[in-house]
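**Q** test case, fold it:
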Amino acid sequence: MPLQLAFETFGEGPPAVILHGLFGSGRNWRGIAQALSARYRVYCVDLRNHGASPWAATMSYPEMAADVRMLIETEGLDRPLVIGHSMGGKTAMALALESPATVGRLVVVDIAPASYPDQVTPYLDAMRGVDTASMTQRAEAMHQMSQRVPDAQTVSFLMQNLVLREEHYDWRLNLAAISAAVPTLCGFPAEVLLRSWRGPATLIHGSLSDYVRPQHRPAIAQAFPAMGLVEIEGAGHWVHVDRPAELIAALDLVPAVEA
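**A** Predicted coordinates:
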């Protein structure tokens, strides 16, 4: 059953929906949303098991796409621009392929409809290894995380999910469900790739990222024949963090959905 997702809105105009990546939330995209709010009414969404949205035991891409479709229908959004990064990008692609009339334009940020090696389990293990029950300060969790995750930027990103609840700290991520879903999240459903979506689409990727490779091009072309590619120089996988101005400029070139 689809879940009723949490979201924030910015601006007025034709609708745009932003879907974040794994371990993120809509608030990671507030800066991009505010920049787009001069042209769009932007919905920054928390996907299931993330942010302020409900938890569920499973989180396949068709399930997450159904959540987003229900939000679009409930809010009465007419063929919105859907922007998705990483896990959110796969969710956006699944939505367009399974419910083509729901999406007006599609922008995928630094991900392909393909399978990837599991790079996230060490982060899940690090978060699950933090002794949140006995913590009294966030600094304790930061120290424990830093012992397990060497990259300070990644630790800072993951720590955004540690919140104070009823006088004790806890993760606002459903770590158990995400851990169980890792093989699913790293892949992309083969049955969905049997379809194609011929609407206007753009794939924006970072020049320093290895998430969009030449071997992905045939699957992209088959599923999204009208998809154009835009490379952001100097950006890694987190394009919106590494080169926000360049990403906003690329999004400004995406035509608004025609009425």
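**Q** show me what contacts Ala33?
**A** Shown in contact with Ala33 (C-beta atoms under 8 Å, 6 or more residues apart in numbering): Glu8, Phe10, Gly11, Ile18, Gly26, Val42, Cys44. To be clear about C-beta, it is placed using only N, CA and C from the backbone, and glycine gets the same treatment.
**Q** and if we set it to 10 Å?
**A** 8-11, 16, 18, 26-27, 40-44, 83 (C-beta atoms under 10 Å, 6 or more residues apart in numbering).
**Q** His216 too?
**A** Ile111, Ala112, Pro113, Ala114, Leu203, His205.
**Q** 6 Å instead, please
**A** Contact analysis of His216 by C-beta atoms under 6 Å, 6 or more residues apart in numbering lists Ala112, Ala114.
**Q** repeat that for Leu77.
**A** Per C-beta under 6 Å, 6+ apart, neighbours of Leu77: Pro15.
**Q** buried members of the contacts of Ala33 into ChimeraX, please.
**A** Selecting the buried subset of the contacts of Ala33 in ChimeraX, with 16 or more other C-beta atoms under 10 Å as the burial test, is done by:
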select :8,10,16,18,26,40,41,42,43,44,83
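**Q** which member of the contacts of Ala33 is positioned nearest Arg165?
**A** Arg27 (17.1 Å; C-beta to C-beta).
**Q** doesn't that closest one belong to a helix?
**A** Yes - looking at Arg27 with DSSP: H, G, I helix; E, B strand; the rest coil, it is inside a helix.
**Q** residue boundaries of the helices in the stretch 151-259 of the chain?
**A** For the stretch 151-259 of the chain, the helices defined by DSSP state H, counting those that start in this stretch cover 152-159, 175-186, 217-223, 239-242, 244-252.
**Q** rewinding a little: can you list the contacts of Ala33 in a markdown table and add distance to Gln147 and secondary structure?
**A** Listed next are the contacts of Ala33 as a markdown table, based on distance: C-beta to C-beta, whole Å; DSSP: H, G, I helix; E, B strand; the rest coil:
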| residue | distance to Gln147 | secondary structure |
| --- | --- | --- |
| Glu8 | 34 | strand |
| Thr9 | 39 | strand |
| Phe10 | 38 | strand |
| Gly11 | 42 | coil |
| Ala16 | 40 | strand |
| Ile18 | 33 | strand |
| Gly26 | 30 | helix |
| Arg27 | 27 | helix |
| Tyr40 | 42 | coil |
| Arg41 | 43 | strand |
| Val42 | 38 | strand |
| Tyr43 | 38 | strand |
| Cys44 | 32 | strand |
| Ile83 | 35 | strand |
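**Q** I am finished for the moment; much appreciated.
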